[in-house]
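Engineer: my questions are about this predicted structure, shown below with the sequence.
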Amino acid sequence: MTSSQRASKYRWTVCYLLFFATTINYLDRQVLSLTWKDFIVPEFHWRNNDYGNITAIFSLVYAIGMLFAGRFVDWLDTKKGFLWAIGIWSVGACLHAYCGIATAGVLTGNWLVGFEQAKEILGTVGDVGSIISVSVSLFIFARIVLAIGEAGNFPAAIKATAEFFPKKDRGFATSIFNAGSTVGALAAPVTIPFIAEAYGWEASFIIIGALGFIWMGFWLFMYKKPHVHPRVNAAELAYIQQDDAEIPLTTTDQPAERRKMSFLQAFGYRQTWAFAVGKFMTDGVWWFFLFWTPAYLSSVYNLDSTESALHIFVLYALTLLSIIGGWLPTYFVEKKGMNPYSGRMKSMLIFAFFPLLTLLAQPLGHISVWIPVIIIGIAAAAHQAWSANIFSTIGDMFPRSSVATITGIGGMAGGISSFFINKGSGVLFDYAADTNMKFMGFAGIESGYFIIFSICSVSYLIGWLIMKSLVPHYTPITDID
């Protein structure tokens with residue numbers, strides 16, 4: 001009988017699979033940021049604006065992809081949707097490696113060459129403008145493929161979490177798999193620059209990109225719905241479904257058909273807008289830290305990618321503090337008697353104050369480079385704690401059949417904000433450097449970074465206030481069932 005049976009814990013195996021997928025996701029998107037300054041610029045002559053254009057287009061395509069990835073995952077369902085997503089982004093990651101060969105081919109007609117031969121050929125091309133234009137276009141193409149695939153990670157992961165965890169545990173489970181972004185960011189600076197230095201920047205894209213294909217094998221054989229999974233017993237299934245708003249399933253039942261939420265219907269709910277606004281106000285901050293911190297350490301402190309490896313590692317090691325993001329709302333729910341939404345919103349308000357420290361990153365940076373590194377690390381930890389909770393608000397208020405769709409809408413909003421901050425940063429940094437712009441006591445590119453840090457510092461509080469005004473109280477959606 002279920003009452004005397006000890007519950008299995010296979011849901012945590014699924015959570016660990018999601019963790020590794022997210023780790024690979026962030027490794028793949030970090031390769032470019034850790035190689036462009038030291039390894040790619042000498043070959044292709046990019047400036048900040050060129051890099052900003054590449055990351056901005058990635059963000060825009062990722063934003064559009066998130067909108068449709070959610071629907072795609074809801075349509076194909078979790079297993080197939082995730083396989084397609086990671087397969088596409090792994091191909092995209094590997095494509096970056098061949099942009100040098102393709103640039104040489106476009107400019108000289110020499111296509112059947114190796115990586116080193118392509119470098120030699122480009123060294124003989126006198127038209128630097130053409131090298132920049134062609135190489136940037138090719139990297140944008142590879143980045144588009146990467147973005148289309150990576151857009152599926154979070155909709156699929158959030159949907160899998162909603163399938164395998166009751167509401168009270170989803171914040172913690174989300175914080176665990178979302179910590180993969182931190183681990184990916186941690187592993188990147190201590191692996192990618194050294195691979196690039198030893199074997200060439202191309203190898204770093206191929207080796208890291210291949211990890212996704214390995215993960216696909218594990219996912220293919222290890223993931224099934226909980227009600228049909230042979231390693232989920234009846235006691236664990238009962239635990240998973242303890243607060244299920246849908247018709248409970250037994251190990252032999254088939255899932256009940258549920259009406260899918262349309263885009264038009266989704267945008268009619270304040271809960272959708274609250275989630276989207278929260279993502280728009282804050283995702284761009286995280287992506288700025290992710291894509292521009294190596295360039296910041298290079299431009300302001302003259303550290304190359306291998307010299308800054310320890311600094312970036314420590315920065316992202318601090319983000320492991322974000323695991324508190326999963327524990328704190330559980331404390332508020334179990335010890336203070338709050339409903340899940342209220343507990344998450346109170347937690348998010350606490351986390352929203354920590355990014356204010358980034359106002360001090362530049363003013364105190366003259367003392368030691370470690371001060372901005374630690375401050376950015378604390379702000380990044382606060383973001384990840386915030387992120388785990390804002391994702392979990394979807395499962396709190398929307399039925400499982402619509403989770404991926406709403407996640408995709410919010411991801412689109414976050415991707416749009418990332419487009420603006422990456423494009424704007426590239427333009428601002430080049431302008432500040434070229435004109436020796438002065439702002440608040442800073443000059444040159446440092447003034448540009450101070451402006452962006454200032455924007456990042458207040459984004460979370462503004463986002464929280466708008467979310468709270470849109471959905472002041474816990475209001476689950478039930479009228480589509």
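Structural biologist: Sure thing, it's come through.
Engineer: past the helix or strand bottoming out on mean pLDDT in the chain, which element shows up next along the chain?
Structural biologist: Between all helices and strands in the chain, the lowest mean by mean pLDDT, DSSP states H and E belongs to helix 324-336, at a mean of 76. Downstream of helix 324-336, the next assigned helix or strand under DSSP states H and E is helix 340-353.
Engineer: packing partners of that following helix?
Structural biologist: With contacts taken as 3 or more CB pairs under 8 Å, 6 or more residues apart in numbering; DSSP states H and E, helix 340-353 sits against helix 167-187, helix 324-336, helix 370-397, helix 445-470. (Glycine included, C-beta is placed from N, CA and C.)
Engineer: and the contacts of that helix?
Structural biologist: With contact meaning CB atoms under 8 Å, 6 or more residues apart in numbering, helix 340-353 is reached by 167-168, 171, 278, 325, 328-333, 336, 338, 382-383, 385-386, 389-390, 392-393, 396-397, 460-461, 463-464, 467-468, 471, 473-475.
Engineer: returning to that earlier point: pick the most deeply packed of the helices and strands packed on helix 340-353.
Structural biologist: Comparing the helices and strands packed on helix 340-353 by mean neighbour count (mean count of other CB atoms under 10 Å), helix 370-397 ranks first with a mean of 25.
Engineer: pull the distance from it to the chain's centre.
Structural biologist: Computed by CA atoms, centre = their mean, to the nearest Å, the chain-centroid distance of helix 370-397 equals 11 Å.
Engineer: what's the answer for stretch 65-75, then?
Structural biologist: Distance of stretch 65-75 from the chain centroid (CA atoms, centre = their mean) equals 16 Å.
Engineer: got the CA positions of that stretch in PDB?
Structural biologist: Listed next in PDB are the C-alpha coordinates belonging to stretch 65-75 (Å, rounded to 0.1, in the frame of the first residue of the first chain):
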ATOM      1  CA  GLY A  65      12.800  32.000 -29.800                       C
ATOM      2  CA  MET A  66      11.700  31.900 -26.200                       C
ATOM      3  CA  LEU A  67       8.200  33.000 -27.200                       C
ATOM      4  CA  PHE A  68       7.800  30.100 -29.600                       C
ATOM      5  CA  ALA A  69      10.000  27.600 -27.700                       C
ATOM      6  CA  GLY A  70       7.400  27.600 -24.900                       C
ATOM      7  CA  ARG A  71       4.700  26.700 -27.400                       C
ATOM      8  CA  PHE A  72       7.000  24.200 -29.100                       C
ATOM      9  CA  VAL A  73       7.700  22.400 -25.900                       C
ATOM     10  CA  ASP A  74       4.000  22.400 -24.900                       C
ATOM     11  CA  TRP A  75       3.200  21.000 -28.300                       C
END
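Engineer: can you give me the buried ones in that stretch?
Structural biologist: Under the neighbour-count criterion of 16 or more other CB atoms under 10 Å, stretch 65-75 has Gly65, Met66, Leu67, Phe68, Ala69, Gly70, Arg71, Phe72, Val73, Asp74 buried.
Engineer: the residues you listed in helices, which ones?
Structural biologist: Among those, DSSP state H puts Gly65, Met66, Leu67, Phe68, Ala69, Gly70, Arg71, Phe72, Val73, Asp74 in helices.
Engineer: go ahead and list the helix or strand containing Thr23.
Structural biologist: Assigned by DSSP H and E, Thr23 belongs to helix 10-35.
Engineer: which element follows that helix toward the C-terminus?
Structural biologist: Assigned by DSSP H and E, the successor of helix 10-35 is helix 41-44.
Engineer: confirm Ser59 sits in a strand?
Structural biologist: No. Counting by DSSP: H, G, I helix; E, B strand; the rest coil, Ser59 falls outside a strand, being helix.
Engineer: nearest spatial neighbour of it, skipping sequence neighbours?
Structural biologist: In this structure, Ser59 finds its nearest non-sequential neighbour in Ser418, 3.7 Å apart by CB to CB, 6 or more residues apart in numbering.
Engineer: again with Val61
Structural biologist: Of all residues not flanking Val61 in the chain, Ala147 sits nearest, at 4.0 Å (CB to CB, 6+ apart).
Engineer: please name the residues that touch Ala56.
Structural biologist: Going by CB under 8 Å, 6+ apart, Ala56 touches Ser418, Phe419, Phe420, Asn422, Lys423, Gly426.
Engineer: filter those down to the buried ones.
Structural biologist: Ser418, Phe419, Asn422, Lys423, Gly426.
Engineer: possible to save the residues you listed as TSV with distance to Gly365?
Structural biologist: Output for these, formatted as TSV (distance: CB to CB, whole Å):
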residue	distance to Gly365
Ser418	24
Phe419	27
Asn422	22
Lys423	25
Gly426	21
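Engineer: dump the residues you listed into a markdown table; add secondary structure, pLDDT and distance to Ile445 as well.
Structural biologist: Below are the buried ones among the contacts of Ala56 laid out as a markdown table (DSSP: H, G, I helix; E, B strand; the rest coil; pLDDT from 0 to 100; distance: CB to CB, whole Å):
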| residue | secondary structure | pLDDT | distance to Ile445 |
| --- | --- | --- | --- |
| Ser418 | helix | 90 | 21 |
| Phe419 | helix | 89 | 21 |
| Asn422 | helix | 89 | 16 |
| Lys423 | helix | 90 | 17 |
| Gly426 | helix | 91 | 11 |
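Engineer: tell me which of the residues you listed is nearest to Gly126?
Structural biologist: Gly426 (25.7 Å; CB to CB).
Engineer: who's in contact with the closest one?
Structural biologist: Asn48, Asn49, Asp50, Tyr51, Gly52, Asn53, Thr55, Ala56.
Engineer: I figured the first one was touching Ala295, is that so?
Structural biologist: Yes. With contact taken as CB atoms under 8 Å, Asn48 and Ala295 are classed as touching, separated by 7.2 Å.
Engineer: shared neighbours, these two?
Structural biologist: Residues within reach of Asn48 and of Ala295 at once, by CB under 8 Å, 6+ apart, are Phe429.
Engineer: Provide a list of residue ranges in this structure with pLDDT below threshold.
Structural biologist: Applying pLDDT under 70 to the chain flags residues 1-4, 243-260, 325-326, 479-481.
Engineer: change it to 50
Structural biologist: Low-confidence segments of the chain, defined by pLDDT under 50: 1-2, 245-257, 481.
Engineer: closest to Ile40 among the buried ones among the contacts of Ala56?
Structural biologist: Of those, the one sitting nearest to Ile40 (CB to CB) turns out to be Gly426, at 14.8 Å.
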